[in-house]
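Q: Return a 3D structure for these sequence lines:
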Amino acid sequence: MVRDVRSYQPRLIAHRLGRNNHRHSLFFLWIFGQLGCFFSQLTDVLYGLFLLNALFKLNFFFLLFFHIL
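A: Numbering: from 1, shown residues only. This is a model prediction of the structure:
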């Protein structure tokens, strides 16, 4: 007994489209999460370098000031 193709095909296509869309949405969510984590770490590193640079400049000015005294 052969199945009716017209009643079987749309459900198969809808199932495959839904599954693929779900998989791609999870993939893009993972990609954007990784990018957000990367940019967060990058800004943290840049802010840390900025603070370190300010600390070294402050230390240099204090040494210069006490050397003048």
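Q: contacts and neighbour counts: CA atoms only from here.
A: Noted.
Q: now the helices: where do they sit in the protein?
A: Assigned by DSSP state H, the chain shows helices spanning 5-68.
Q: Output the below-cut-off pLDDT ranges for it.
A: Residues of the chain meeting the criterion pLDDT under 70: 1-24.
Q: Swap in 80 and give it another go.
A: Low-confidence segments of the chain, defined by pLDDT under 80: 1-25, 63-69.
Q: Next one: Leu35 from Leu55, what distance?
A: 30 Å (C-alpha to C-alpha, to the nearest Å).
Q: cool, Phe62 as well?
A: From Phe62 to Leu55 the distance is 10 Å (C-alpha to C-alpha).
Q: same question, Leu63
A: Taking C-alpha to C-alpha, one finds Leu63 at 12 Å from Leu55.
Q: Same check on Phe38?
A: 25 Å.
Q: How about Leu26?
A: From Leu26 to Leu55 the distance is 43 Å (C-alpha to C-alpha).
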